[in-house]
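S.K.: coordinates for the following, if possible.
(one chain, ligands or ions: 1)
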Amino acid sequence: MRILIHENYDTLSKWVAHYIAGKINRAKPTKENPYVLGLPTGSSPVGTYKQLVQLYKEDKVSFENVVTFNMDEYVGLAEDHPQSYHYFMWHHLFDHVDIKKENVNILDGNAKDLDRECDQFEQKIKDAGGIDLFLGGIGPDGHIAFNEPGSSLSSRTRIKTLTYDTQVANSRFFDNDVNKVPKTALTVGVGTVMDSKELVIIISGYGKARACQKVVEEGVNHMWTVSMLQLHRRGMIACDEEATMELKVGTVKYFKDIESEALRKLPSLS
Ligand code: GLP
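M.R.: Numbering: from 1, shown residues only. Presented below is the predicted three-dimensional model:
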């Protein structure tokens, strides 16, 4: 697992956006052979999306032959609700780049048959040839997508009940009223995320420092579902200094040293 410690959220976001754009460009995607991205919502990826939009505007990357699959969606929120993940994705990324609507896949939290919706999502990922790069964030409790503590580490896309912790954490988007936060969500499973060819997890801010310590310095554990990253063949954590506050000094020094070359400049776009 690679751990890249960036100075702050802005430098992290720029680096990750360049990394992703470079991957898309080098894959030379076509209609028949698109580049498949897994994408998260939340505040963690907002800076990266902003940078990707900027790179698109500068003609340095195109999403024309990119297919996307989002990690999760609340159950029961209308798609045009400002806190739905549909709304979030169009608002922060898709409306500003040349992605084709039919290439965007987001779970439908209003589907009549939610189990069927989840199964179909898994099938769609398979039909697209699997996910080339899954970008993710984490909750303060180390959950990835909505795979809350105790989730099966081989889980697939399904409906999940959100923990009270997560409802409180996300209430900041719902007028700080925990009662307004949906209680359930559809989410890809840990197994779904692990099947991706590459996995990049953004961990930013002191609020995530404990989870960062668990995934970097402790073992794989279902109570911190992101810790499965340790078993991914191509897993990377892109974090900022604040997120490393609970790590040992030696751990921070070690990863800064071995990644110094990668951190010295932005990843190549070609
Ligand atoms: C939600 C999402 C996760 C996301 C997490 C962290 O729980 N389901 O995918 O990683 O929020 O959000 P933020 O980046 O806003 O801290």
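S.K.: so which helix or strand takes in M236?
M.R.: strand 235-240 (DSSP states H and E).
S.K.: please save the CA atoms from that strand in CSV.
M.R.: Only the C-alpha atoms of strand 235-240 are listed here, as CSV (Å, rounded to 0.1, in the frame of the first residue of the first chain):
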residue,chain,number,x,y,z
GLY,A,235,-3.8,0.5,-3.1
MET,A,236,-2.9,4.1,-2.3
ILE,A,237,-3.7,6.5,0.4
ALA,A,238,-3.5,10.2,-0.5
CYS,A,239,-3.6,12.1,2.7
ASP,A,240,-2.7,15.5,4.1
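S.K.: G207 and G139 touch, don't they?
M.R.: No: G207 lies out of contact with G139 (CB atoms under 8 Å); the separation is 9.5 Å. Backbone N, C-alpha and C define where each C-beta goes, glycine included.
S.K.: the strand holding M236 vs the ligand: in contact?
M.R.: No: interface with the ligand: strand 235-240 contributes nothing (CB under 6 Å from any ligand atom), its closest point being 12.3 Å away.
S.K.: that strand - contacts with which helices or strands?
M.R.: With contacts defined as 3 or more CB pairs under 8 Å, 6 or more residues apart in numbering; DSSP states H and E, the packing partners of strand 235-240 are strand 2-6, helix 9-27, strand 199-203, helix 209-217.
S.K.: any idea where the strands of the stretch 51-200 of the chain begin and end?
M.R.: Here the stretch 51-200 of the chain has its strands, by DSSP state E, counting those that start in this stretch, at 66-70, 72-74, 104-105, 133-136, 158-161, 184-187, 199-203.
S.K.: with mean neighbour count, distance to the ligand and mean pLDDT added, can I get those in CSV?
M.R.: As requested, the strands of the stretch 51-200 of the chain are exported to CSV (neighbours: other CB atoms under 10 Å; distance: least, CB to the nearest ligand atom, whole Å; pLDDT from 0 to 100):
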stretch, mean neighbour count, distance to the ligand, mean pLDDT
strand 66-70, 23, 9, 98
strand 72-74, 24, 5, 96
strand 104-105, 18, 16, 98
strand 133-136, 25, 6, 98
strand 158-161, 18, 10, 96
strand 184-187, 24, 7, 97
strand 199-203, 26, 7, 98
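S.K.: and these as a markdown table, adding distance to T30?
M.R.: Below are these laid out as a markdown table (distance: least, CB to CB, whole Å):
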| stretch | distance to T30 |
| --- | --- |
| strand 66-70 | 11 |
| strand 72-74 | 29 |
| strand 104-105 | 18 |
| strand 133-136 | 17 |
| strand 158-161 | 33 |
| strand 184-187 | 30 |
| strand 199-203 | 23 |
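S.K.: before we move on, back to that, so for G207 and G139, which sits in the more crowded spot?
M.R.: G139 (25 against 13; other CB atoms under 10 Å).
S.K.: spit out the contact partners of the residue lying closest to the more buried one once chain neighbours are set aside.
M.R.: Computed as CB to CB, 6 or more residues apart in numbering, the closest residue to G139 that is not its neighbour in sequence is T166, at 5.7 Å. Neighbour list for T166: G139, D141, H143, F146, E148 [criterion: CB atoms under 8 Å, 6 or more residues apart in numbering].
S.K.: quick check: residues of the stretch 101-250 of the chain near the ligand?
M.R.: Taking CB under 6 Å from any ligand atom as the criterion, the stretch 101-250 of the chain approaches the ligand at residues G137, I138, G139, A145, F146, T166.
S.K.: and the fourth one, what's its pLDDT?
M.R.: The pLDDT attached to A145 in the predicted structure is 95.
S.K.: got a list of contacts for the strand holding M236?
M.R.: Here strand 235-240 makes contact (CB under 8 Å, 6+ apart) with 1-9, 11-12, 15-16, 19, 198-205, 208, 212, 215-216, 229.
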